[in-house]
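**Student:** Need a 3D model of the sequence below.
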Amino acid sequence: MIEEHTLPGDSWYLVYTKPRQEDKAWWNLDRQQFRCYLPYVRTRRRRQGRYETVTEPMFPRYLFIRLAAGVEDWSPIRSTLGVSHLVRFGPWPARVPDTLVETIRRRARDGFCDLCPEPLKTGEKVRVLDGPFRGYEGIFRTPRGEERAMILLDVAGQYTTLLISQHQLERA
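**Tutor:** Numbering: from 1, shown residues only. The predicted structure is shown next:
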């Protein structure tokens, strides 16, 4: 948990950034002594036929900023590099509940929320998601490298060994 110095009446607000400039906006706001939070997630994406773990902002084009109404000067925010504007509802900046930001921070491990599924364990029941065996259920035997897995598949009352991409499987 990040320790913060709070000012009277401060709250979390949302900053809308320019496309793919969340890091730049965060860095420039932080440099101006604004208290910001940019949550990241780790997830699996398919790129060029292979799955890889990628790190990206949890909320693309948004970051949280902690501001004290009437105490801090908010005018530099809109001219900060990477920032598009503060999110507003009518004339008022959109306030974000403290509990939402704290919940995200608590769930983050090493600064990242992890959206990658837990690895399958030997003996777990699995279901095939796509391909010719879509919908079939089997038993996970062992991983084969980073992307493949060996499963036992019940075909016509007899178990058959099948080598399949781990990304085509889900827990049954």
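**Student:** what's across from the spatially most central residue of the chain in the sheet?
**Tutor:** Centroid check for the chain by C-alpha atoms, centre = their mean gives residue 41 as the closest residue, at 2.6 Å. Under the criterion DSSP bridges, residue 41 forms beta bridges with residue 56, residue 113.
**Student:** What pLDDT is listed against it?
**Tutor:** What the model reports as pLDDT for residue 41 is 88.
**Student:** just checking, it touches residue 112?
**Tutor:** Yes. Residue 41 is within contact range of residue 112, at 6.4 Å (criterion: C-beta atoms under 8 Å). For every residue, glycine as well, the C-beta is placed using N, CA and C.
**Student:** separation between residue 95 and residue 9?
**Tutor:** 11 Å (C-beta to C-beta, to the nearest Å).
**Student:** anything in contact with each of those two?
**Tutor:** Taking C-beta atoms under 8 Å, 6 or more residues apart in numbering as the contact criterion, no residue touches both residue 95 and residue 9.
**Student:** Find out how far stretch 78-85 is from the centre of the chain, if you would.
**Tutor:** 23 Å (C-alpha atoms, centre = their mean, to the nearest Å).
**Student:** Please apply the same query to stretch 76-91.
**Tutor:** On C-alpha atoms, centre = their mean, the centre of stretch 76-91 falls 23 Å from the chain's centre.
**Student:** How about stretch 129-138?
**Tutor:** Relative to its parent chain, stretch 129-138 has a centroid offset of 28 Å by C-alpha atoms, centre = their mean.
**Student:** Looking at residue 95 and residue 9, which is more packed in?
**Tutor:** In this view residue 95 and residue 9 are compared by other C-beta atoms under 10 Å, and residue 95 has more residues nearby, 14 against 11.
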